[in-house]
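>>> let's see this in three dimensions:
(chains A and B)
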Amino acid sequence: MEAKKQIPCLEGWFTMPPQEPQLIGNRCQSCGHYFFPKVTTCRNPLCKKTKPLEKAMFSRKGKLVAYTINYYSPPPPYHAPDPFVPFGVASVALAEGIRVGGQIPKGVDLNSLKVGMEMETVREILYEDDQGNEVLSWMFRPATA
Amino acid sequence: MTELAIIGIGIHPWGKFPEMSVHQLNLEVAQMALKDANMEWTDIQALFAGQDPWAGIQGMLSGNVLAQDLGLTGIPVTNNYNACATGGYALRAAHLYITSGLIDTALVVGGSISPKGAFGTTQYNEFDETDLDSQRFRILGSANFTGFAMAAQSRMHLYGLTEEDLALQKVKASKFGSLNPNSRYQKVYTAEEVLNSPMVAYPVHLYEVCATSDGCAAVVVCSTDVAKKYTTKPVIIAGIGASNPQYPVPGMGGFGSDFSEVPPPNENDAGIKSTRQAYEQAGIGPEDLDFACVYDLTGAMEIQWYEDIGLCKEGEAEKLLREGATSLGGRIPVCPDGGCTSLGECIPAQALSQTYEAVTQLRGDAGARQVAGAKVGFSVNSGKLGNSSAIVYKR
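Predicted structure coming up:
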(Lines give C-alpha, C1' and ligand atoms only; values in the text may rest on other atoms or scores of the structure.)
Protein backbone atom coordinates (compact mmCIF):
# COMPACT_ATOMS: atom_id res chain seq x y z
CA MET A 1 0.00 0.00 0.00
CA GLU A 2 1.26 3.43 -0.90
CA ALA A 3 2.21 5.62 2.07
CA LYS A 4 -0.09 8.58 2.59
CA LYS A 5 1.19 11.96 1.50
CA GLN A 6 2.25 14.16 4.41
CA ILE A 7 1.73 17.92 4.24
CA PRO A 8 2.41 20.64 6.84
CA CYS A 9 -0.55 22.32 8.54
CA LEU A 10 1.07 25.57 7.47
CA GLU A 11 3.85 25.81 4.93
CA GLY A 12 7.14 27.03 6.31
CA TRP A 13 6.23 27.13 10.02
CA PHE A 14 8.35 24.06 10.81
CA THR A 15 10.67 21.62 9.06
CA MET A 16 9.33 18.58 7.21
CA PRO A 17 10.89 15.11 6.86
CA PRO A 18 13.63 14.10 6.41
CA GLN A 19 14.80 17.08 8.49
CA GLU A 20 14.65 16.91 12.29
CA PRO A 21 11.46 18.57 13.63
CA GLN A 22 12.23 22.22 14.28
CA LEU A 23 10.20 25.44 14.39
CA ILE A 24 10.96 28.10 11.81
CA GLY A 25 10.46 31.78 12.52
CA ASN A 26 12.57 34.84 12.08
CA ARG A 27 15.08 36.99 13.87
CA CYS A 28 15.63 40.70 13.53
CA GLN A 29 19.23 41.35 12.55
CA SER A 30 19.00 44.86 14.04
CA CYS A 31 17.81 44.12 17.59
CA GLY A 32 18.28 40.34 17.76
CA HIS A 33 14.69 39.56 18.81
CA TYR A 34 13.13 36.29 17.67
CA PHE A 35 9.59 35.75 16.38
CA PHE A 36 7.35 32.74 15.92
CA PRO A 37 5.45 32.46 13.71
CA LYS A 38 7.44 34.62 11.34
CA VAL A 39 6.49 38.30 11.19
CA THR A 40 6.65 40.62 8.22
CA THR A 41 8.42 43.37 10.15
CA CYS A 42 10.25 43.47 13.49
CA ARG A 43 7.65 44.09 16.23
CA ASN A 44 10.04 45.68 18.72
CA PRO A 45 8.94 49.35 18.84
CA LEU A 46 12.40 50.44 20.03
CA CYS A 47 14.19 48.75 17.12
CA LYS A 48 15.56 51.02 14.39
CA LYS A 49 15.02 48.24 11.82
CA THR A 50 18.14 49.13 9.87
CA LYS A 51 18.73 45.49 8.95
CA PRO A 52 16.21 42.98 7.61
CA LEU A 53 14.72 39.99 9.34
CA GLU A 54 16.40 36.67 8.71
CA LYS A 55 15.04 33.14 8.84
CA ALA A 56 15.58 31.55 12.24
CA MET A 57 15.55 27.90 13.25
CA PHE A 58 14.45 27.49 16.88
CA SER A 59 16.00 25.26 19.53
CA ARG A 60 14.45 21.82 19.46
CA LYS A 61 14.35 21.61 23.24
CA GLY A 62 12.88 23.92 25.89
CA LYS A 63 11.32 24.04 29.35
CA LEU A 64 7.65 23.39 30.10
CA VAL A 65 6.14 26.64 31.45
CA ALA A 66 2.49 25.61 31.72
CA TYR A 67 0.12 23.04 30.29
CA THR A 68 -3.52 22.11 30.17
CA ILE A 69 -5.59 19.16 29.05
CA ASN A 70 -8.43 20.07 26.69
CA TYR A 71 -11.48 17.98 27.56
CA TYR A 72 -13.76 20.05 25.38
CA SER A 73 -13.95 19.50 21.65
CA PRO A 74 -12.87 22.81 20.11
CA PRO A 75 -15.13 24.40 17.48
CA PRO A 76 -14.07 24.54 13.79
CA PRO A 77 -11.63 25.17 12.24
CA TYR A 78 -10.33 22.51 14.63
CA HIS A 79 -10.61 19.05 13.06
CA ALA A 80 -11.82 17.09 16.06
CA PRO A 81 -11.79 13.31 15.84
CA ASP A 82 -15.09 11.51 16.41
CA PRO A 83 -15.26 10.34 19.13
CA PHE A 84 -13.34 13.24 20.60
CA VAL A 85 -10.21 12.40 22.58
CA PRO A 86 -8.88 14.89 25.19
CA PHE A 87 -5.45 16.26 24.35
CA GLY A 88 -2.72 18.28 26.05
CA VAL A 89 -1.53 21.77 25.13
CA ALA A 90 1.81 23.07 26.36
CA SER A 91 3.60 26.38 26.63
CA VAL A 92 7.31 25.79 26.17
CA ALA A 93 10.06 28.36 26.81
CA LEU A 94 12.74 28.17 24.14
CA ALA A 95 16.30 29.45 24.44
CA GLU A 96 15.52 32.20 21.92
CA GLY A 97 13.51 33.99 24.63
CA ILE A 98 9.91 33.22 23.67
CA ARG A 99 7.28 30.77 24.83
CA VAL A 100 5.58 28.79 22.10
CA GLY A 101 2.31 26.89 22.30
CA GLY A 102 1.92 23.41 20.91
CA GLN A 103 -0.17 20.30 21.33
CA ILE A 104 1.17 17.38 23.31
CA PRO A 105 1.07 14.23 21.15
CA LYS A 106 -1.20 11.28 21.85
CA GLY A 107 0.48 8.60 23.91
CA VAL A 108 2.20 10.98 26.34
CA ASP A 109 1.12 10.28 29.92
CA LEU A 110 -0.36 13.68 30.78
CA ASN A 111 -0.05 12.89 34.49
CA SER A 112 3.69 12.74 34.06
CA LEU A 113 3.97 16.41 33.04
CA LYS A 114 5.82 18.67 35.45
CA VAL A 115 6.36 22.40 35.08
CA GLY A 116 10.05 23.00 34.39
CA MET A 117 10.68 19.65 32.71
CA GLU A 118 12.58 19.51 29.46
CA MET A 119 10.42 19.19 26.36
CA GLU A 120 11.36 18.55 22.76
CA THR A 121 9.83 19.59 19.46
CA VAL A 122 8.28 16.73 17.51
CA ARG A 123 6.14 16.42 14.40
CA GLU A 124 2.83 14.55 14.53
CA ILE A 125 -0.32 14.03 12.49
CA LEU A 126 -2.83 16.75 13.42
CA TYR A 127 -5.64 15.35 11.23
CA GLU A 128 -6.26 13.72 7.87
CA ASP A 129 -7.68 16.04 5.23
CA ASP A 130 -10.43 15.31 2.69
CA GLN A 131 -7.88 14.17 0.09
CA GLY A 132 -6.46 11.59 2.50
CA ASN A 133 -3.29 13.59 3.20
CA GLU A 134 -1.79 13.43 6.66
CA VAL A 135 -1.65 17.04 7.89
CA LEU A 136 1.34 17.44 10.21
CA SER A 137 1.92 19.93 13.02
CA TRP A 138 4.72 20.64 15.45
CA MET A 139 4.02 19.37 18.96
CA PHE A 140 5.93 19.18 22.24
CA ARG A 141 6.63 16.05 24.27
CA PRO A 142 8.86 15.33 27.28
CA ALA A 143 12.44 15.11 26.04
CA THR A 144 13.71 11.58 25.57
CA ALA A 145 17.34 12.10 26.58
CA MET B 1 -8.12 65.25 35.09
CA THR B 2 -11.43 66.83 34.14
CA GLU B 3 -14.26 64.80 35.57
CA LEU B 4 -17.31 63.49 33.75
CA ALA B 5 -20.78 62.76 35.12
CA ILE B 6 -22.83 59.63 34.48
CA ILE B 7 -26.47 60.57 34.85
CA GLY B 8 -28.33 57.72 33.17
CA ILE B 9 -27.94 53.95 32.93
CA GLY B 10 -29.79 51.15 31.18
CA ILE B 11 -29.36 47.42 30.88
CA HIS B 12 -31.07 44.35 29.44
CA PRO B 13 -30.70 41.12 31.42
CA TRP B 14 -27.91 38.87 30.08
CA GLY B 15 -29.08 35.59 28.52
CA LYS B 16 -29.77 34.00 25.13
CA PHE B 17 -32.25 35.83 22.92
CA PRO B 18 -31.90 34.41 19.40
CA GLU B 19 -35.33 35.80 18.53
CA MET B 20 -34.05 39.36 19.05
CA SER B 21 -31.69 41.48 16.97
CA VAL B 22 -28.90 43.51 18.52
CA HIS B 23 -30.59 46.63 17.17
CA GLN B 24 -33.78 45.94 19.13
CA LEU B 25 -31.67 45.46 22.25
CA ASN B 26 -29.68 48.66 21.67
CA LEU B 27 -32.86 50.68 21.15
CA GLU B 28 -34.58 49.34 24.25
CA VAL B 29 -31.59 49.92 26.50
CA ALA B 30 -30.71 53.34 25.04
CA GLN B 31 -34.26 54.49 25.76
CA MET B 32 -33.95 53.13 29.30
CA ALA B 33 -30.72 55.10 29.89
CA LEU B 34 -32.23 58.30 28.45
CA LYS B 35 -35.27 57.93 30.68
CA ASP B 36 -33.07 57.31 33.71
CA ALA B 37 -31.17 60.51 32.86
CA ASN B 38 -34.40 62.54 32.49
CA MET B 39 -33.13 63.39 29.05
CA GLU B 40 -34.58 63.42 25.55
CA TRP B 41 -32.72 61.85 22.64
CA THR B 42 -32.67 65.29 21.06
CA ASP B 43 -30.55 66.50 24.00
CA ILE B 44 -27.77 64.06 23.06
CA GLN B 45 -24.90 65.60 21.10
CA ALA B 46 -22.91 62.48 20.20
CA LEU B 47 -23.51 58.73 20.10
CA PHE B 48 -20.85 56.09 20.74
CA ALA B 49 -21.72 52.47 20.05
CA GLY B 50 -19.91 49.17 20.45
CA GLN B 51 -19.92 47.07 17.30
CA ASP B 52 -21.44 43.60 17.31
CA PRO B 53 -19.02 41.33 15.43
CA TRP B 54 -21.72 38.70 14.96
CA ALA B 55 -24.20 41.00 13.18
CA GLY B 56 -22.52 41.73 9.86
CA ILE B 57 -22.14 45.21 8.37
CA GLN B 58 -25.23 46.46 10.23
CA GLY B 59 -23.52 45.27 13.41
CA MET B 60 -20.37 47.17 12.45
CA LEU B 61 -22.56 50.26 12.11
CA SER B 62 -24.79 49.54 15.08
CA GLY B 63 -24.60 53.16 16.27
CA ASN B 64 -25.89 54.41 12.95
CA VAL B 65 -28.76 51.92 13.04
CA LEU B 66 -29.57 53.04 16.58
CA ALA B 67 -29.52 56.70 15.49
CA GLN B 68 -31.99 55.82 12.72
CA ASP B 69 -34.25 54.08 15.22
CA LEU B 70 -34.11 56.95 17.71
CA GLY B 71 -34.56 59.53 14.92
CA LEU B 72 -31.75 61.03 12.88
CA THR B 73 -30.69 64.27 14.53
CA GLY B 74 -27.45 64.61 12.57
CA ILE B 75 -25.14 64.11 15.57
CA PRO B 76 -21.80 62.33 15.08
CA VAL B 77 -21.93 58.56 15.52
CA THR B 78 -18.80 56.63 16.45
CA ASN B 79 -18.73 52.83 16.18
CA ASN B 80 -15.90 50.89 17.78
CA TYR B 81 -14.82 47.36 18.55
CA ASN B 82 -12.03 46.66 21.04
CA ALA B 83 -13.04 43.14 22.10
CA CYS B 84 -13.93 42.96 25.80
CA ALA B 85 -12.84 46.58 26.30
CA THR B 86 -15.23 47.89 23.61
CA GLY B 87 -17.54 49.74 26.04
CA GLY B 88 -14.62 51.26 27.92
CA TYR B 89 -13.06 52.59 24.73
CA ALA B 90 -16.45 54.00 23.66
CA LEU B 91 -16.92 55.65 27.04
CA ARG B 92 -13.39 57.06 26.96
CA ALA B 93 -14.04 58.58 23.53
CA ALA B 94 -17.25 60.16 24.86
CA HIS B 95 -15.27 61.38 27.86
CA LEU B 96 -12.72 63.12 25.63
CA TYR B 97 -15.43 64.70 23.44
CA ILE B 98 -17.07 66.20 26.51
CA THR B 99 -14.12 67.13 28.71
CA SER B 100 -12.44 68.82 25.73
CA GLY B 101 -15.41 71.19 25.67
CA LEU B 102 -16.50 70.11 22.19
CA ILE B 103 -19.92 68.92 23.37
CA ASP B 104 -21.80 68.52 26.67
CA THR B 105 -23.76 65.27 26.39
CA ALA B 106 -23.33 61.79 24.94
CA LEU B 107 -25.00 58.39 24.84
CA VAL B 108 -22.81 55.27 24.96
CA VAL B 109 -24.28 51.89 24.05
CA GLY B 110 -22.96 48.35 23.60
CA GLY B 111 -24.91 45.21 22.80
CA SER B 112 -24.57 41.84 21.11
CA ILE B 113 -26.43 38.72 20.08
CA SER B 114 -23.70 36.05 20.00
CA PRO B 115 -23.50 32.44 18.84
CA LYS B 116 -24.15 29.67 21.34
CA GLY B 117 -21.27 27.98 23.18
CA ALA B 118 -17.55 28.62 23.19
CA PHE B 119 -16.55 31.34 20.76
CA GLY B 120 -14.98 30.13 17.57
CA THR B 121 -13.94 32.39 14.76
CA THR B 122 -16.60 34.17 12.72
CA GLN B 123 -15.01 33.27 9.41
CA TYR B 124 -11.81 31.61 8.48
CA ASN B 125 -9.65 30.37 5.70
CA GLU B 126 -7.87 27.27 6.97
CA PHE B 127 -4.65 28.14 5.23
CA ASP B 128 -4.49 31.90 5.77
CA GLU B 129 -1.41 32.11 7.96
CA THR B 130 -1.96 35.79 8.69
CA ASP B 131 -5.16 34.95 10.63
CA LEU B 132 -3.56 33.73 13.84
CA ASP B 133 -6.92 33.56 15.59
CA SER B 134 -8.16 30.88 13.18
CA GLN B 135 -4.82 29.10 13.18
CA ARG B 136 -4.79 29.00 16.98
CA PHE B 137 -8.08 27.10 16.85
CA ARG B 138 -7.02 24.84 13.99
CA ILE B 139 -3.53 23.91 15.10
CA LEU B 140 -3.54 24.15 18.89
CA GLY B 141 -7.23 23.32 19.32
CA SER B 142 -7.03 26.25 21.64
CA ALA B 143 -10.41 27.72 22.51
CA ASN B 144 -10.25 30.85 24.67
CA PHE B 145 -10.34 28.90 27.90
CA THR B 146 -7.28 26.84 26.89
CA GLY B 147 -5.16 29.94 27.48
CA PHE B 148 -7.02 30.69 30.72
CA ALA B 149 -6.41 27.13 31.88
CA MET B 150 -2.68 27.37 31.21
CA ALA B 151 -2.57 30.61 33.21
CA ALA B 152 -4.43 28.87 36.06
CA GLN B 153 -2.11 25.88 35.90
CA SER B 154 0.84 28.23 36.03
CA ARG B 155 -0.59 29.87 39.20
CA MET B 156 -1.00 26.42 40.74
CA HIS B 157 2.69 25.84 40.22
CA LEU B 158 3.83 29.30 41.31
CA TYR B 159 1.45 30.22 44.12
CA GLY B 160 -0.42 27.11 45.20
CA LEU B 161 -3.76 27.88 43.54
CA THR B 162 -6.04 24.84 43.92
CA GLU B 163 -9.08 23.50 42.09
CA GLU B 164 -11.00 24.22 45.30
CA ASP B 165 -10.00 27.91 45.07
CA LEU B 166 -11.40 28.07 41.55
CA ALA B 167 -14.66 26.52 42.75
CA LEU B 168 -14.76 28.95 45.68
CA GLN B 169 -14.55 31.90 43.29
CA LYS B 170 -17.55 30.55 41.36
CA VAL B 171 -19.51 30.02 44.56
CA LYS B 172 -18.77 33.62 45.55
CA ALA B 173 -19.73 34.91 42.09
CA SER B 174 -22.95 32.89 42.05
CA LYS B 175 -24.04 34.39 45.39
CA PHE B 176 -23.68 37.85 43.89
CA GLY B 177 -25.35 36.71 40.67
CA SER B 178 -28.35 35.36 42.58
CA LEU B 179 -28.90 38.86 43.96
CA ASN B 180 -28.71 40.58 40.58
CA PRO B 181 -32.00 40.50 38.64
CA ASN B 182 -30.07 41.04 35.37
CA SER B 183 -27.79 38.06 35.73
CA ARG B 184 -28.24 35.07 33.46
CA TYR B 185 -27.69 32.51 36.21
CA GLN B 186 -29.64 33.08 39.40
CA LYS B 187 -28.59 29.84 41.08
CA VAL B 188 -26.23 29.74 44.05
CA TYR B 189 -23.72 26.94 43.38
CA THR B 190 -21.96 24.81 45.95
CA ALA B 191 -18.27 24.03 45.59
CA GLU B 192 -19.19 20.39 45.10
CA GLU B 193 -21.49 21.21 42.17
CA VAL B 194 -18.76 23.29 40.55
CA LEU B 195 -16.11 20.60 40.98
CA ASN B 196 -18.54 17.99 39.63
CA SER B 197 -19.21 20.00 36.47
CA PRO B 198 -17.26 18.73 33.42
CA MET B 199 -13.58 19.61 33.27
CA VAL B 200 -13.18 21.70 30.11
CA ALA B 201 -9.44 22.33 30.29
CA TYR B 202 -7.50 21.24 33.34
CA PRO B 203 -7.78 22.72 36.00
CA VAL B 204 -10.82 24.68 34.81
CA HIS B 205 -14.37 23.28 35.15
CA LEU B 206 -17.30 24.26 32.95
CA TYR B 207 -19.07 26.27 35.65
CA GLU B 208 -15.94 28.37 36.20
CA VAL B 209 -15.89 29.64 32.60
CA CYS B 210 -17.58 32.81 31.35
CA ALA B 211 -21.04 32.14 29.96
CA THR B 212 -21.12 33.65 26.47
CA SER B 213 -24.36 35.62 26.39
CA ASP B 214 -26.51 38.19 24.67
CA GLY B 215 -26.99 41.49 26.42
CA CYS B 216 -26.84 45.25 26.22
CA ALA B 217 -25.95 48.18 28.46
CA ALA B 218 -25.95 51.93 27.96
CA VAL B 219 -24.99 55.07 29.83
CA VAL B 220 -25.72 58.77 29.40
CA VAL B 221 -22.77 61.01 30.24
CA CYS B 222 -22.38 64.76 30.41
CA SER B 223 -20.19 67.52 31.79
CA THR B 224 -20.43 67.97 35.55
CA ASP B 225 -22.03 71.40 35.01
CA VAL B 226 -24.76 70.08 32.75
CA ALA B 227 -25.38 67.19 35.15
CA LYS B 228 -26.70 69.65 37.74
CA LYS B 229 -29.69 70.38 35.46
CA TYR B 230 -30.72 66.73 35.50
CA THR B 231 -29.79 65.15 38.83
CA THR B 232 -28.50 65.82 42.31
CA LYS B 233 -26.80 62.40 42.40
CA PRO B 234 -24.45 62.02 39.44
CA VAL B 235 -21.77 59.35 39.55
CA ILE B 236 -18.43 60.83 38.61
CA ILE B 237 -15.81 59.25 36.37
CA ALA B 238 -12.63 60.32 38.16
CA GLY B 239 -10.20 58.38 35.97
CA ILE B 240 -10.49 56.39 32.76
CA GLY B 241 -7.59 54.46 31.29
CA ALA B 242 -7.29 52.54 28.05
CA SER B 243 -4.32 50.48 27.01
CA ASN B 244 -3.04 47.84 24.71
CA PRO B 245 -0.11 45.60 25.48
CA GLN B 246 3.41 46.88 25.26
CA TYR B 247 6.01 44.77 23.49
CA PRO B 248 7.26 42.27 24.61
CA VAL B 249 3.77 40.94 25.15
CA PRO B 250 2.60 38.69 27.99
CA GLY B 251 -0.91 37.57 28.97
CA MET B 252 -4.05 38.15 26.91
CA GLY B 253 -1.99 39.69 24.14
CA GLY B 254 -0.04 36.43 24.09
CA PHE B 255 -1.71 33.04 24.29
CA GLY B 256 -5.16 34.64 24.40
CA SER B 257 -4.67 35.51 20.75
CA ASP B 258 -1.41 34.12 19.44
CA PHE B 259 1.02 31.19 19.28
CA SER B 260 3.80 32.67 21.32
CA GLU B 261 4.36 35.09 24.14
CA VAL B 262 7.33 36.70 25.74
CA PRO B 263 7.76 36.16 29.49
CA PRO B 264 6.78 39.08 31.75
CA PRO B 265 7.60 41.98 32.79
CA ASN B 266 3.96 42.06 33.78
CA GLU B 267 3.83 45.85 33.60
CA ASN B 268 3.65 45.39 29.83
CA ASP B 269 0.23 43.84 30.37
CA ALA B 270 -2.52 46.13 29.12
CA GLY B 271 -4.78 45.52 32.14
CA ILE B 272 -2.10 46.71 34.52
CA LYS B 273 -1.28 49.69 32.34
CA SER B 274 -4.89 50.89 32.06
CA THR B 275 -5.42 50.36 35.80
CA ARG B 276 -2.44 52.54 36.65
CA GLN B 277 -3.66 55.25 34.27
CA ALA B 278 -7.10 55.31 35.87
CA TYR B 279 -5.71 55.40 39.43
CA GLU B 280 -3.28 58.16 38.55
CA GLN B 281 -5.92 60.33 36.88
CA ALA B 282 -8.23 59.90 39.87
CA GLY B 283 -5.42 60.47 42.35
CA ILE B 284 -6.30 57.31 44.26
CA GLY B 285 -4.87 53.86 44.88
CA PRO B 286 -6.33 50.39 45.37
CA GLU B 287 -6.62 51.01 49.14
CA ASP B 288 -9.29 53.64 48.39
CA LEU B 289 -11.65 51.27 46.57
CA ASP B 290 -14.90 50.04 48.13
CA PHE B 291 -15.51 47.46 45.39
CA ALA B 292 -14.06 46.37 42.04
CA CYS B 293 -15.54 44.88 38.88
CA VAL B 294 -12.83 42.85 37.15
CA TYR B 295 -12.88 40.64 34.07
CA ASP B 296 -13.37 37.17 35.51
CA LEU B 297 -13.48 35.06 32.35
CA THR B 298 -12.49 32.25 34.69
CA GLY B 299 -11.92 32.17 38.42
CA ALA B 300 -8.19 32.09 37.90
CA MET B 301 -8.38 35.35 35.97
CA GLU B 302 -10.32 37.03 38.77
CA ILE B 303 -7.67 35.93 41.23
CA GLN B 304 -4.90 37.29 39.01
CA TRP B 305 -6.67 40.67 38.87
CA TYR B 306 -6.51 40.94 42.68
CA GLU B 307 -2.75 41.30 42.27
CA ASP B 308 -2.79 43.21 39.00
CA ILE B 309 -4.98 46.01 40.38
CA GLY B 310 -3.14 46.06 43.70
CA LEU B 311 -5.70 44.59 46.12
CA CYS B 312 -2.88 42.40 47.47
CA LYS B 313 0.75 41.58 46.83
CA GLU B 314 1.95 39.05 44.26
CA GLY B 315 1.29 35.53 45.43
CA GLU B 316 -1.35 36.54 48.01
CA ALA B 317 -4.47 36.51 45.85
CA GLU B 318 -5.54 33.01 46.85
CA LYS B 319 -5.39 34.06 50.50
CA LEU B 320 -7.55 37.13 49.80
CA LEU B 321 -10.19 34.91 48.17
CA ARG B 322 -10.10 32.26 50.91
CA GLU B 323 -10.48 34.90 53.64
CA GLY B 324 -13.69 36.11 52.01
CA ALA B 325 -12.32 39.64 51.55
CA THR B 326 -13.75 39.79 48.03
CA SER B 327 -17.13 38.23 48.90
CA LEU B 328 -20.36 39.99 49.77
CA GLY B 329 -19.75 41.77 53.09
CA GLY B 330 -15.97 41.43 52.72
CA ARG B 331 -13.36 44.17 52.85
CA ILE B 332 -13.31 44.68 49.06
CA PRO B 333 -16.13 42.88 47.23
CA VAL B 334 -15.14 41.93 43.66
CA CYS B 335 -17.61 41.52 40.80
CA PRO B 336 -20.71 42.35 42.85
CA ASP B 337 -22.86 41.93 39.72
CA GLY B 338 -21.98 38.23 39.49
CA GLY B 339 -19.27 38.69 36.86
CA CYS B 340 -18.76 36.78 33.63
CA THR B 341 -19.76 33.40 35.06
CA SER B 342 -23.08 34.44 36.65
CA LEU B 343 -24.17 37.69 35.04
CA GLY B 344 -22.67 36.24 31.84
CA GLU B 345 -20.30 37.60 29.23
CA CYS B 346 -21.40 39.73 26.29
CA ILE B 347 -18.28 41.15 24.67
CA PRO B 348 -19.27 44.58 23.30
CA ALA B 349 -21.55 45.21 26.29
CA GLN B 350 -19.50 43.85 29.17
CA ALA B 351 -17.41 46.91 30.02
CA LEU B 352 -20.61 48.99 30.11
CA SER B 353 -22.29 46.37 32.30
CA GLN B 354 -19.45 46.93 34.75
CA THR B 355 -20.18 50.67 34.58
CA TYR B 356 -23.88 49.95 35.11
CA GLU B 357 -23.01 47.98 38.24
CA ALA B 358 -20.60 50.61 39.54
CA VAL B 359 -23.21 53.36 39.14
CA THR B 360 -25.91 51.20 40.74
CA GLN B 361 -23.64 50.53 43.73
CA LEU B 362 -22.60 54.18 44.11
CA ARG B 363 -26.23 55.31 43.94
CA GLY B 364 -27.00 52.84 46.72
CA ASP B 365 -29.52 51.06 44.50
CA ALA B 366 -27.97 47.56 44.49
CA GLY B 367 -30.45 46.03 46.92
CA ALA B 368 -29.31 42.82 48.58
CA ARG B 369 -25.89 42.93 46.88
CA GLN B 370 -25.26 46.53 47.96
CA VAL B 371 -21.72 47.23 49.16
CA ALA B 372 -22.49 49.19 52.32
CA GLY B 373 -21.49 52.85 52.13
CA ALA B 374 -19.70 52.49 48.79
CA LYS B 375 -18.09 55.77 47.74
CA VAL B 376 -15.36 54.74 45.29
CA GLY B 377 -15.64 51.97 42.71
CA PHE B 378 -13.48 50.56 39.95
CA SER B 379 -13.91 48.51 36.81
CA VAL B 380 -11.33 46.91 34.54
CA ASN B 381 -11.26 44.42 31.68
CA SER B 382 -9.00 42.99 29.07
CA GLY B 383 -9.72 40.97 25.97
CA LYS B 384 -8.47 39.63 22.69
CA LEU B 385 -5.11 41.00 21.56
CA GLY B 386 -4.85 42.62 24.99
CA ASN B 387 -7.41 45.43 24.63
CA SER B 388 -8.07 46.86 28.09
CA SER B 389 -9.94 49.70 29.76
CA ALA B 390 -10.20 50.75 33.41
CA ILE B 391 -12.41 53.29 35.18
CA VAL B 392 -12.46 54.86 38.66
CA TYR B 393 -15.92 56.00 39.78
CA LYS B 394 -16.92 58.11 42.78
CA ARG B 395 -20.03 59.67 44.15
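>>> lowest confidence element among the helices and strands of chain B?
One helix or strand of chain B scores below all others by mean pLDDT, DSSP states H and E: strand B:260-261, with a mean of 74.
>>> next, the closest residue to residue B:111 other than its chain neighbours: phi, psi?
Leaving aside its chain neighbours, residue B:111 sits nearest to residue B:216 (3.1 Å; criterion: C-beta to C-beta, 6 or more residues apart in numbering or on different chains). (Glycine included, C-beta is placed from N, CA and C.) When read as degrees, to the nearest 10, the backbone of residue B:216 gives phi -160, psi 140.
>>> please report the number of neighbouring residues for residue B:216.
With neighbours defined by other C-beta atoms under 10 Å in any protein chain shown, the count for residue B:216 comes to 32.
>>> likewise for the one 3 residues further on?
Other residues within reach of residue B:219 by the criterion other C-beta under 10 Å amount to 31.
>>> ditto for residue B:83
Considering only other C-beta under 10 Å, residue B:83 is surrounded by 22 other residues.
>>> that one reaches residue B:389, doesn't it?
No - Residue B:83 lies out of contact with residue B:389 (C-beta atoms under 8 Å); the separation is 10.3 Å.
>>> right, and the helix or strand after the least confident helix or strand of chain B?
Under the assignment DSSP states H and E, the closest C-terminal helix or strand after strand B:260-261 is helix B:270-282.
>>> ok, and what's touching that following helix?
B:1, B:85, B:88, B:238-246, B:251-253, B:266-267, B:285-286, B:295, B:305, B:308-310, B:378, B:380-382, B:386-392, B:394 (C-beta atoms under 8 Å, 6 or more residues apart in numbering or on different chains).
>>> these in strands, which ones?
Here DSSP state E is the test, and the contacts of helix B:270-282 give B:238-243, B:378, B:380-382, B:388-392, B:394 as lying in strands.
>>> in the residues you listed, find the pair that's most separated.
The two members of the ones in strands among the contacts of helix B:270-282 with the most space between them (C-beta to C-beta) are B:382 and B:394, at 22.8 Å.
>>> these two: which is more packed in?
The neighbour comparison of residue B:382 against residue B:394 (other C-beta under 10 Å) goes to residue B:382, with 34 against 20.
>>> so what's that one up against?
So residue B:382 contacts B:84, B:85, B:251, B:252, B:269, B:270, B:271, B:274, B:295, B:388 (C-beta under 8 Å, 6+ apart).
>>> PyMOL command to pick out the buried ones of those residues?
Of those, the buried ones go into a single PyMOL selection, burial set by 16 or more other C-beta atoms under 10 Å in any protein chain shown:
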select buried, chain B and resi 84+85+251+252+269+270+271+274+295+388
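>>> got a markdown table for the contacts of residue B:382, with pLDDT too?
Supplementary listing: the contacts of residue B:382 in a markdown table, determined by pLDDT from 0 to 100:
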| residue | pLDDT |
| --- | --- |
| B:84 | 95 |
| B:85 | 97 |
| B:251 | 54 |
| B:252 | 49 |
| B:269 | 86 |
| B:270 | 90 |
| B:271 | 93 |
| B:274 | 96 |
| B:295 | 96 |
| B:388 | 95 |
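>>> which among the contacts of residue B:382 gets closest to chain A?
Minimum distance to chain A across the contacts of residue B:382 is 11.5 Å, recorded for residue B:251 (C-beta to the nearest C-beta).
>>> please pick the buried ones from the ones in strands among the contacts of helix B:270-282.
Looks like the ones in strands among the contacts of helix B:270-282 have B:238-243, B:378, B:380-382, B:388-392, B:394 buried, using 16+ other C-beta under 10 Å.
>>> what's the closest of the residues you listed to chain A?
For these, the nearest to chain A is residue B:243 (14.1 Å; C-beta to the nearest C-beta).
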